[in-house]
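S.K.: have a look at this fold, sequence not included:
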């Protein structure tokens, strides 16, 4: 069952129940009021009859005096025909009241002429108190009162039964019933149809969400759900989905860029080597020519091998298969090692590496990963620094955490590009020229490794202001 | 035939120049989009080979600007971008053909020949009278006699025959047969014309190249002059 049908069904069901309840209450209240009115009328009638016939209900002297007395009420307009035969065939006059006297066993002692040949029902269960109930004789619905007549010694000698016809009241009650029974299904059906319409209309934005999500493929990630006019749950749902689509599109875009960059970076050296060798073998050449071309190809292949290494490393880190072997590393001798390793490449550009106040701080890190981070940062510093400049490495203890900073005096990174430098294949110099050497993967690797070891990396830089990388190590044991 | 390569990878530009020069093309190289576009608009090239991802101005933009300037020079896109959308995008930007890196050098040559082919002919062969030139094999025949030419001589003859019945001015000859590093002294053309005439004469193809005094040279179908 669809949501709109379910909403309509539940709503209609609940409303049907409530309406039925209200109808029932109205019906029974009306019925009670009607009966009470009749009961009051009968009560008056009874007391009138009793006073007219001088009968006491508590000091009943027996039926003797009533045997032949006409007990028809004085105010009735009953025609007093004495012909018994004609009375029998006469239609019962339903606009009058009926009076009947019965003895304690229910035998009719006397009755009003209005009753004709019929008798009023006698209920032997109500012996001590006046009872009011509905009954039916000769096809006429009546409301009757049964008044016990009790002798002075407390024995019920007989009963006075007075009845009034219910005709008009019954028509009213029947009409009421008919109205209820006809209007109920009409109301319910109309309500169901309306609810279904309203429910359909109010959940139609959901249909839009579904349609948009279904249309969404990798090729058209720019689809968005139109936002509903009112700010409600559906608006938030649509907005949330749109935000999700934004993130998805972003992720796909980044993946696409990465793939495009990776394929460019891999195909370029391949194209160079392939093309150079193809041209080389087309014609016989001098030995020297062969040598220079092959040297050139080897250089390109080495570059390609380096790229493949870095890509694989990133892939491994990204799939989180690489677990850091965190151990306590003494930072001071460690930095001295790294600097010694980087010294040859620094010397070729006449760059000095200073190490300041390393103290004897100890940090928790994976030394292999730390190696790679330092190498990447320092080789970047060397690459982008002018000859004769210097690189400073300092260790500080700030608020019980150890911060290692590596500062160069190089070309720096424009402020607006700082946030992108950890992206894979991002290079500040946008031409992807191989002559500057890098692939734009070094800092992505640094960031990835830092994340694995819970090291915070911060960069401060500006064009021609040099660059400072700060590594904040997680609070570990600090000795000194 | 003079080509311009706009390519920022010195490795690729290098072997392309080497290989294409061996195929008797005059080759210029631009290492970024801006200077490439300038060169393409100033000089008259017979074909541009453009990389997509180049500094200063993308290959696509270079392509658009060249077309905007009204040039119909054939443009060959040479790029590592290889998705269908990229190919379509590149061709829609005004490129005539699209080669994905890494590519076969022979394929590149074949595609260059397709772009240089005379529109009215289905094969690559060029002819004037009894002179036949095959630009694929770089063979020149006079009747059934093969004539051996140096690369420069071949390039000069090919240019003249491609433009037969049209006057080729000295400056145009210089532009199309020699590359940008050639100085402006056009007397070198006369030297090569002399060599060519001598070789053609020996094979029996006589006075196919005529001098238009003070202007340049022309190759005419015999009998039309």
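M.R.: Nice, I can see it. Here the structure is a predicted model, which is why all the values come from computation and not from measurement.

S.K.: pLDDT of the strand or helix carrying residue A:374, averaged?
M.R.: Using DSSP states H and E, residue A:374 sits within helix A:367-383. Mean pLDDT, computed over helix A:367-383, is 87.

S.K.: what residues sit buried inside it?
M.R.: Judged by neighbour count using 16 or more other CB atoms under 10 Å in any protein chain shown, the buried positions of helix A:367-383 are A:369-383. Quick note: C-beta positions are derived from backbone N, CA and C, even for glycine.

S.K.: that helix: what's the following helix or strand?
M.R.: By DSSP H and E, the next helix or strand past helix A:367-383 is strand A:390-398.

S.K.: mean confidence (pLDDT) on stretch A:142-153, please.
M.R.: Here the average pLDDT along stretch A:142-153 is 82.

S.K.: what residues of the longest helix along chain B count as buried?
M.R.: For chain B, the longest helix by residue count, based on DSSP state H, is helix B:187-203. For helix B:187-203, the neighbour count (16+ other CB under 10 Å) marks B:188, B:189, B:192, B:193, B:196, B:197, B:199, B:200, B:203 as buried.

S.K.: quick check: pLDDT value at the first one.
M.R.: The score at residue B:188 is 84. That number is its pLDDT.

S.K.: in which helix or strand would I find whichever residue of chain B sits closest to chain A?
M.R.: Residue of chain B nearest chain A, by CB to the nearest CB: residue B:55 (2.9 Å). Residue B:55 belongs to no helix or strand when assigned by DSSP H and E.

S.K.: related to what we said a few turns ago, what angle do the helix holding residue A:374 and strand A:390-398 make?
M.R.: Angle of helix A:367-383 versus strand A:390-398, following axes from the mean of the first three to the mean of the last three CA atoms, to 10 degrees, is 140 degrees.

S.K.: other residues contacting helix A:367-383?
M.R.: Residues from elsewhere that reach helix A:367-383 (CB atoms under 8 Å, 6 or more residues apart in numbering or on different chains): A:324-325, A:327, A:329, A:334-335, A:338-339, A:341-342, A:345-346, A:349, A:351, A:353, A:391, A:406, A:408, A:410, A:436-438, A:442-443, A:445-446, A:449-450, A:452-453, A:455, A:467, A:469, A:471.

S.K.: can I assume residue A:329 sits in a strand?
M.R.: Yes: counting by DSSP: H, G, I helix; E, B strand; the rest coil, residue A:329 falls inside a strand.

S.K.: could you measure from it over to chain B?
M.R.: Using CB to the nearest CB, to the nearest Å, we find residue A:329 at a distance of 41 Å from chain B.

S.K.: in contact with that residue, which residues?
M.R.: A:362, A:363, A:364, A:365, A:367, A:370.

S.K.: wait, the third one sits on residue A:474?
M.R.: Yes: applying CB atoms under 8 Å as the test, residue A:364 and residue A:474 come out as touching, 6.3 Å apart.

S.K.: now do the shared contacts for the two.
M.R.: residue A:453.

S.K.: who's residue A:393 bridged to?
M.R.: Beta-bridge partners for residue A:393, by DSSP bridges, are residue A:355, residue A:406.

S.K.: just give the number of residues close to it.
M.R.: 23 (other CB atoms under 10 Å in any protein chain shown).

S.K.: how close does it sit to residue A:472?
M.R.: 15 Å (CB to CB, to the nearest Å).

S.K.: what do you get for residue B:43?
M.R.: Residue B:43 is 56 Å from residue A:472, by CB to CB.

S.K.: for the buried residues of helix A:367-383, which one is nearest chain B?
M.R.: Once CB to the nearest CB is applied, the member of the buried residues of helix A:367-383 that ends up nearest chain B is residue A:383, at 17.9 Å.

S.K.: output the below-cut-off pLDDT ranges for chain A.
M.R.: A:61-95, A:218-219, A:320-322, A:358, A:429-437, A:475-480 (pLDDT under 70).

S.K.: from the chain's centroid, how far away is the longest helix belonging to it?
M.R.: Using DSSP H, we find that the single longest helix of chain A is helix A:3-52. The chain centroid and the centroid of helix A:3-52 are separated by 42 Å, computed with CA atoms, centre = their mean, to the nearest Å.

S.K.: counting contacts, what elements does it pack onto?
M.R.: strand A:131-137, strand A:140-150, strand A:156-165, helix A:167-202 (3 or more CB pairs under 8 Å, 6 or more residues apart in numbering or on different chains; DSSP states H and E).

S.K.: turn those into a markdown table, including distance to residue B:20 and mean neighbour count.
M.R.: Putting the helices and strands packed on helix A:3-52 into a markdown table (distance: least, CB to CB, whole Å; neighbours: other CB atoms under 10 Å in any protein chain shown) gives the following:
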| stretch | distance to residue B:20 | mean neighbour count |
| --- | --- | --- |
| strand A:131-137 | 117 | 15 |
| strand A:140-150 | 118 | 21 |
| strand A:156-165 | 123 | 23 |
| helix A:167-202 | 69 | 13 |
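
S.K.: who wins for proximity to chain B among those?
M.R.: That would be helix A:167-202 among the helices and strands packed on helix A:3-52, by CB to the nearest CB, at 39.7 Å.
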